[in-house]
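**Q** what would the 3D arrangement of this be:
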Amino acid sequence: MKGPIALLMTLILLANFLAVGVPVAGQAEADVSEISVPENVSLDLLLEFKSTGRLHIRIDYSGPNPLYSLYSYLTGPVLLEVSLPVLSLQETSFAASSVLPGSDSILTAPAKSVGWEINIELTSPSEGTLTLATNGWLALPLTEEQKQTVSTVVAAYKLAPGMFNQLLLDKIQPLLTYEYAQYDLEITDLSITELDWDGAASKLTFGATMTAESSTFGAELRRELPMSITTTGTGSIPTTITSIEDLEGLTLDILFRLVSTTAMLELQMESAGVTSTIGLDFEFELRPDEMGVVTQTNNTIVVDFGVLQEYWPTSLEIPSVVAENEDVTFALRVPSGAEVENPPSGHTQTDTTYTWTGSSVVNALLALVTGEAGTRISYWVGPATVAIENIQNSVGQTIEVENNYVESVEIESERVINVNFEKDQPVSKVRVTLAVAIENIEVQAQRLSERPAGVVVPPAERGIVSHYLEMRTTASEQVESATVEFRVSKLWISMNDIDEDTVRLLRFGEGEGRWIELLTNFTDEDNLYLYYSATTTEFSYFTVVGQSVSPEREAAFNVMLVVGILAMVIGAFVLIFVVRSMRRSTEEISKSLKRLKAKS
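**A** Numbering: from 1, shown residues only. Sure thing, here's the model as predicted:
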């Protein structure tokens, strides 16, 4: 899913969530012409368009536990009907049958703690080929009968792992062919590499690899790989869940993290009974799309929400908001120098940040997603650039710069110049020392979305790549040395088990055609970043690398939402398969085990 679609869906979901549009069965249907912001909700939403060409979405929520609505949706209209008055395209209700048909409850087991850790890594060694590796563990409160079923399946695997894997592949491939025929998806290899069961702890440990081929696995997908998805969770569930009231005993602490070369998603959720707190960070690269919401000409990106009017029905009614909730805010932040045309009404502005509060939040979100406001944002995404003239006459001066993402220039002497970039730039400062005094100089730096054409991949022994940079100057022949101050995301450090002391800046020697390691020193840190400095004698392409603490780990993993969806589809299928397997009778599993013994 490309950036504009992901942004649009996020805004639509938020607008619906903030509106009181979930009437409990038996209540009167909500008036689609009026909606209100719930008073028991606290929510802060930030849309930050970055000068690097990326969009950062931050959501902080506290309020009613969304699992209540999820449970009601899954168990059908007996408990709840879900309508969407915000969109008001029609009076629509959604309902689903019980998750486990024929059961009176989702879970019936002694009250126990739950937990899990699941890691998924996706790579594409060649076009048309996708490899998946996963490992982790699950601790679930199962009945004794369910435990016996799992134990039997694990025993069957250990008795004949090769035959077990083949049976699993024979079972999955026909289902994939039937359900996803349009993707021309074929699994060429599927292997369970680890399967252990601790009955006393009710804990299943697993590992698996899969290779799949499809004509849909093209260059666009490969551009986003490798990828890593991690989720962990702990908590407890009630003895029996048969109604919304039973969920009051539910506690969960969940982390979901997904990272790729162009996107990053991190979700943290803590639920205790009726309340939840949720923190979501979603950042992705903006790219031109077929809808025309995002376009780019040279180094200028244009985000035109007004285009969305073409995709909404002409009969769409925009409801009015009738209740205030000052604990709900929506902020739109743009880079310095950006042009913002027709922002939704009701905002206050501080520098480059537009803020809506209370009831104006829903109106602002709706005005954006429907294109009604005609909001248009354009800004420069090229390199942070500064041109310095008359150096000899400016010694000792600090020159403030108001464009192209350079904050200021300090001219220490005729031969020493400090270029200070704005805080959101990947390079915070470049200190240039010249071999001889010159009159004029231009310096530029930018983060690259991918490895430049013609530049080789850094050797594996250099470590895991964080990102690539390009730094240039018009006085390359006069440069004696330059000190580059840069930052590294702590998220990247933790995701890849990077030893902070091994972070290095590499310069690509364009004459030699190889990467050269530069002397790099740690300088500082804050909540989000570690800061380093390195010294170079030339300007060129650069990359930031670091050594993993765990040698067996693969390179840094990165994602786009479309790849995440693919992984979740695979995960959902595995879950369906596990549920189906666990619902088989113990007698059927025993028969399968006897057949395996006879064949072996």
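**Q** quickly find the element holding residue 175.
**A** Residue 175 belongs to helix 161-179 when elements are defined using DSSP states H and E.
**Q** sorry, slip of the keys, the one I care about is residue 538.
**A** Residue 538 is part of no helix or strand when elements are defined by DSSP H and E.
**Q** next: residue 225.
**A** Taking DSSP H and E as the definition, one finds residue 225 inside no helix or strand.
**Q** low-confidence ranges in the stretch 51-200 of the chain?
**A** Residues of the stretch 51-200 of the chain meeting the criterion pLDDT under 70: 67-112, 178-183.
**Q** circling back to that earlier point, show me what the helix holding residue 175 packs onto, helices and strands only.
**A** Applying 3 or more Cβ pairs under 8 Å, 6 or more residues apart in numbering; DSSP states H and E, we find helix 161-179 packed against strand 186-198, helix 561-582, helix 586-599. All C-beta atoms are positioned from the backbone trio N, CA, C, and that covers glycine.
**Q** just the CA coordinates for stretch 296-309, please, in PDB.
**A** This file holds the C-alpha atoms of stretch 296-309, laid out as PDB (Å, rounded to 0.1, in the frame of the first residue of the first chain):
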ATOM      1  CA  GLN A 296       7.000  15.400  -7.300                       C
ATOM      2  CA  THR A 297       8.600  17.700  -9.800                       C
ATOM      3  CA  ASN A 298      12.400  17.900  -9.500                       C
ATOM      4  CA  ASN A 299      13.000  18.500  -5.800                       C
ATOM      5  CA  THR A 300       9.500  19.700  -4.800                       C
ATOM      6  CA  ILE A 301       6.900  17.500  -3.300                       C
ATOM      7  CA  VAL A 302       3.200  18.500  -3.600                       C
ATOM      8  CA  VAL A 303       0.500  16.800  -1.400                       C
ATOM      9  CA  ASP A 304      -2.900  17.800  -2.800                       C
ATOM     10  CA  PHE A 305      -5.800  16.600  -0.600                       C
ATOM     11  CA  GLY A 306      -8.200  18.400  -2.900                       C
ATOM     12  CA  VAL A 307      -7.800  15.600  -5.400                       C
ATOM     13  CA  LEU A 308      -9.700  13.300  -3.100                       C
ATOM     14  CA  GLN A 309     -13.000  15.100  -3.900                       C
END
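**Q** lowest mean pLDDT across the helices and strands packed on helix 161-179, which one is that?
**A** The weakest mean pLDDT among these belongs to helix 561-582, with a mean of 40.
**Q** partner residues bridging residue 190?
**A** Beta-bridge pairing for residue 190 (DSSP bridges): residue 210.
**Q** quick one, what contacts it?
**A** Neighbouring residues of residue 190 by Cβ atoms under 8 Å, 6 or more residues apart in numbering: 165, 168-169, 172, 208-211.
**Q** can you give me the strands for the stretch 451-600 of the chain?
**A** Assigned by DSSP state E, counting those that start in this stretch, the stretch 451-600 of the chain shows strands spanning 464-473, 479-489, 504-509, 514-517, 520-525, 529-536, 541-546.
**Q** just say which of these is most tucked in.
**A** Of all those, strand 541-546 has the most neighbours on average by mean count of other Cβ atoms under 10 Å, namely a mean of 24.
**Q** angle of that one against strand 464-473?
**A** 150 degrees (axes from the mean of the first three to the mean of the last three Cα atoms, to 10 degrees).
**Q** parallel or antiparallel, list what pairs with strand 541-546.
**A** Using DSSP bridges, strand 541-546 pairs in its sheet with strand 464-473 (antiparallel), strand 504-509 (antiparallel).
**Q** thinking again about what came up before, in a markdown table: the strands of the stretch 451-600 of the chain, plus distance to residue 397.
**A** What follows is the strands of the stretch 451-600 of the chain, written out as a markdown table (distance: least, Cβ to Cβ, whole Å):
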| stretch | distance to residue 397 |
| --- | --- |
| strand 464-473 | 20 |
| strand 479-489 | 20 |
| strand 504-509 | 29 |
| strand 514-517 | 34 |
| strand 520-525 | 25 |
| strand 529-536 | 24 |
| strand 541-546 | 29 |
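**Q** how about the ones you listed in a markdown table, adding mean pLDDT and distance to residue 428?
**A** Output for the strands of the stretch 451-600 of the chain, formatted as a markdown table (pLDDT from 0 to 100; distance: least, Cβ to Cβ, whole Å):
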| stretch | mean pLDDT | distance to residue 428 |
| --- | --- | --- |
| strand 464-473 | 91 | 12 |
| strand 479-489 | 93 | 5 |
| strand 504-509 | 95 | 13 |
| strand 514-517 | 94 | 21 |
| strand 520-525 | 94 | 10 |
| strand 529-536 | 94 | 7 |
| strand 541-546 | 95 | 13 |
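**Q** okay, and the nearest residue to residue 338 once chain neighbours are set aside sits in which element?
**A** Counting by Cβ to Cβ, 6 or more residues apart in numbering, residue 338 lies nearest to residue 379, which is 3.6 Å off, once chain neighbours are set aside. If you go by DSSP H and E, residue 379 is part of strand 376-380.
**Q** in PyMOL, select just the buried ones from the contacts of residue 190.
**A** To isolate the buried members of these in PyMOL, using 16 or more other Cβ atoms under 10 Å:
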select buried, resi 165+168+172+208+210+211
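**Q** which one of the contacts of residue 190 is nearest residue 55?
**A** Nearest to residue 55 among these is residue 210, at 31.8 Å by Cβ to Cβ.
**Q** quick check: beta-bridge partners of the residue most central in space within the chain?
**A** The chain has residue 265 as the residue nearest its centroid, 1.9 Å off, counting by Cα atoms, centre = their mean. With DSSP bridges as the criterion, residue 265 is bridged to residue 258, residue 282.
**Q** just confirm it contacts residue 231, I think it does.
**A** No - judged on Cβ atoms under 8 Å, residue 265 makes no contact with residue 231 at a distance of 11.1 Å.
**Q** report the set of residues contacting both of these two.
**A** Common neighbours of residue 265 and residue 231 (criterion: Cβ under 8 Å, 6+ apart): 256-257.
**Q** what about residue 194, how many neighbours?
**A** 13 (other Cβ atoms under 10 Å).
**Q** do a quick rundown of the helices in the stretch 101-250 of the chain.
**A** With DSSP state H, counting those that start in this stretch, the ranges of helices along the stretch 101-250 of the chain come out as 144-159, 161-179, 219-222.
**Q** ok, now which ones touch residue 189?
**A** Contacts for residue 189 (Cβ under 8 Å, 6+ apart) come out as 169, 209-211.
**Q** likewise residue 207?
**A** Going by Cβ under 8 Å, 6+ apart, residue 207 touches 133-136, 192-195.
**Q** which non-adjacent residue is nearest it?
**A** That would be residue 194: by Cβ to Cβ, 6+ apart, it lies 3.5 Å from residue 207.
**Q** and the residue located most distally from the centre of the chain, which of the three is it?
**A** What lies farthest from the middle of the chain is residue 393; by Cα atoms, centre = their mean that is 48.9 Å. Assigned with DSSP: H, G, I helix; E, B strand; the rest coil, residue 393 falls in the helix class.
**Q** ok, back up a step: bridging residues for the residue nearest to residue 338?
**A** Where residue 379 sits in a bridge, its partners, by DSSP bridges, are residue 301.
**Q** that one and residue 333, how far apart?
**A** Counting by Cβ to Cβ, to the nearest Å, the gap from residue 379 to residue 333 is 11 Å.
**Q** higher neighbour count, the two?
**A** For residue 379 versus residue 333, neighbours defined as other Cβ under 10 Å are more numerous around residue 379 (22 against 19).
**Q** quick one: common contacting residues for residue 379 and residue 333?
**A** Listed as contacting both residue 379 and residue 333 by Cβ under 8 Å, 6+ apart are residue 49.
**Q** that older thread, just checking, what packs against the strand holding residue 379?
**A** Packing contacts for strand 376-380, counted by 3+ Cβ pairs under 8 Å, 6+ apart, involve strand 300-304, strand 339-341.
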